[in-house]
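In: Quick one, what's the 3D model for this:
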Amino acid sequence: MSTPDYLFFNPATTPIMLAAPISLPTVFAGAAIIFLFALALYPSSLLRWFQRKRYQYEVTFSLYMLTPTEKFIFSASSVLASCFSLPI
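Out: Predicted structure coming up:
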């Protein structure tokens, strides 16, 4: 008499097979939903976090002494330079 197969099932070692692979847009959509949910629940703490990150960016690159127009030009040019330097 042989033992049934269901006795050998170990959830810790058996890989989970999804019906379809998860695509990158699905991951981005899920991250956006989580972000919006956090924004709805904690607007003040999230706003403080963004303000802190902007302050850190301005202090790191010495942008705090520039005018808003100069800050925009510097930021736009650095974003374009980083986009063009990425491999395709």
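In: Centroid-nearest residue for the chain?
Out: residue 31 (6.7 Å; CA atoms, centre = their mean).
In: Distance of it relative to residue 38?
Out: 11 Å (CB to CB, to the nearest Å). Backbone N, C-alpha and C define where each C-beta goes, glycine included.
In: returning to that earlier point: now for the residue nearest to the centre of the chain: which residues touch it?
Out: If you count contacts by CB atoms under 8 Å, 6 or more residues apart in numbering, residue 31 has none.
In: what's downstream of the helix or strand harbouring it, the next helix or strand?
Out: Using DSSP states H and E, the element containing residue 31 is helix 24-41. Next helix or strand after helix 24-41 toward the C-terminus (DSSP H and E): helix 43-60.
In: So what touches that next one?
Out: Helix 43-60 is contacted from outside by 38, 39, 63, 64, 71, using CB under 8 Å, 6+ apart.
In: Of these, which count as buried by neighbour count?
Out: 63, 71 (16 or more other CB atoms under 10 Å).
In: Same list, the contacts of helix 43-60, but as CSV with distance to residue 84 please.
Out: Output for these, formatted as CSV (distance: CB to CB, whole Å):
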residue, distance to residue 84
38, 32
39, 31
63, 21
64, 27
71, 21
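In: and the contacts of helix 43-60, which two are the farthest apart?
Out: The most widely separated members of the contacts of helix 43-60, counting by CB to CB, are 38 and 64 (27.9 Å).
In: Low-confidence stretches in this protein?
Out: 1-21, 88 (pLDDT under 70).
In: And stretch 40-49, how far out from the chain middle?
Out: Between the centre of stretch 40-49 and the centre of its chain there are 16 Å (CA atoms, centre = their mean, to the nearest Å).
In: Next: stretch 67-74.
Out: Worked out by CA atoms, centre = their mean, stretch 67-74 lies 26 Å from the chain centre.
In: Report the buried residues of it.
Out: For stretch 67-74, by 16+ other CB under 10 Å, it's residue 71.
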